[in-house]
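Asker: here you go, sequence then predicted model.
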Amino acid sequence: MATRRITDEPAYILHSHAFSESSLILEVFSRHHGRVALLAKGAKKPTSGFRPVLLSLMPLRLAWGVSPAAEVQTLRAAEWMGGHVMPTGEALLSGLYLNELLLRLLARDDPQPRLFDLYAGAVQLLAASAHGEVLEPALRAFELLLLRALGLLPRLDEETDTGVPLAAHRSCVLVADAGLRPALAGERGALEGERWQQLEQSFGEPQALLAMLRACAPVAAELKPQLRALLQYHCGSPLLRTRQLLMDLQSL
């Protein structure tokens with residue numbers, strides 16, 4: 001069967017590893033084709049035009065051939081789209097964490113254009129916030145949006161087991177294997193029902209990432225352990241490598 005060609009496809013590189021002395025295998029998140037694996041021939045050579053372009057967390061336009069019989073397709077062209085600089089410092093590690101989440105949770109060849117746009121927006125936020133108050137809410141916002149996009153997050157305005165709407169002032173927690181339930185006395189991370197309701201409402205906003213960012217800002221610390229436990233539950237073993245790296249750095 002003849003090979004067709006994908007051109008001018010918005011994409012980000014999630015991960016790359018050596019295929020030979022001169023080539024790379026790229027795990028790519030593309031807007032219209034989802035997660036795909038691409039062979040970048042000669043990309044490690046000093047003279048390769050791919051070498052300065054194939055960077056994680058940078059918006060790219062890619063072209064590749066599609067052979068139905070091949071699991072890994074061949075990259076034909078790549079160019080930087082511009083728009084923001086490479087995240088640095090804590091923002092860089094945060095971006096790599098988002099990449100690992102996508103690698104662990106996204107199936108191959110499953111288009112997710114809305115999730116792609118949310119990811120692009122999150123990377124732009126990280127690039128503009130090398131450190132500071134925006135990083136944690138941005139991560140929590142993307143985690144929530146990712147989980148909902150993949151059907152892994154229950155509604156946040158009702159108790160999961162009963163479907164009973166949350167009372168505004170009743171504290172609840174999000175549990176990996178049980179969803180949203182009333183909190184026990186003194187339970188860590190408990191939020192009042194009205195906070196969970198605000199988070200749920202943010203999913204339906206036209207600018208969902210910014211709306212979720214605002215909703216997460218005052219409760220990011222409480223959400224962090226609950227969302228990390230839920231994400232690890234769905235990612236399975238081993239522990240997310242970027243999370244382990246951050247824990248190791250914090251222990252130095």
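Answerer: Okay, I see it. Numbers count the residues shown, from 1 in each chain.

Asker: domain ranges for the protein, per the record?
Answerer: 4-80, 89-250 (automatic domain parsing).

Asker: just send these back as TSV, with mean neighbour count and mean pLDDT too.
Answerer: Any C-beta I mention is one placed from the backbone N, CA and C, and that applies to glycine too. Formatted as TSV, the domains of the chain follow (neighbours: other C-beta atoms under 10 Å; pLDDT from 0 to 100):
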stretch	mean neighbour count	mean pLDDT
domain 4-80	17	95
domain 89-250	17	92
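
Asker: counting by contacts, list what whichever strand or helix holds Pro137 packs against.
Answerer: Following DSSP states H and E, one finds Pro137 within helix 135-149. The elements that helix 135-149 packs onto, with contact taken as 3 or more C-beta pairs under 8 Å, 6 or more residues apart in numbering; DSSP states H and E, are helix 89-105, helix 113-127, helix 208-216, helix 220-235.

Asker: the ones you listed into JSON lines, with extra columns for distance to Leu14?
Answerer: Converted to JSON lines, these look like this (distance: least, C-beta to C-beta, whole Å):
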{"stretch": "helix 89-105", "distance to Leu14": "4"}
{"stretch": "helix 113-127", "distance to Leu14": "10"}
{"stretch": "helix 208-216", "distance to Leu14": "19"}
{"stretch": "helix 220-235", "distance to Leu14": "14"}
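
Asker: out of those helices, which gets nearest to Arg76?
Answerer: When these are compared by C-beta to C-beta, helix 113-127 sits nearest Arg76, at 20.5 Å.

Asker: against which helices or strands is the closest one packed?
Answerer: Using 3+ C-beta pairs under 8 Å, 6+ apart: helix 113-127 touches strand 4-18, strand 24-30, helix 89-105, helix 135-149, helix 208-216.
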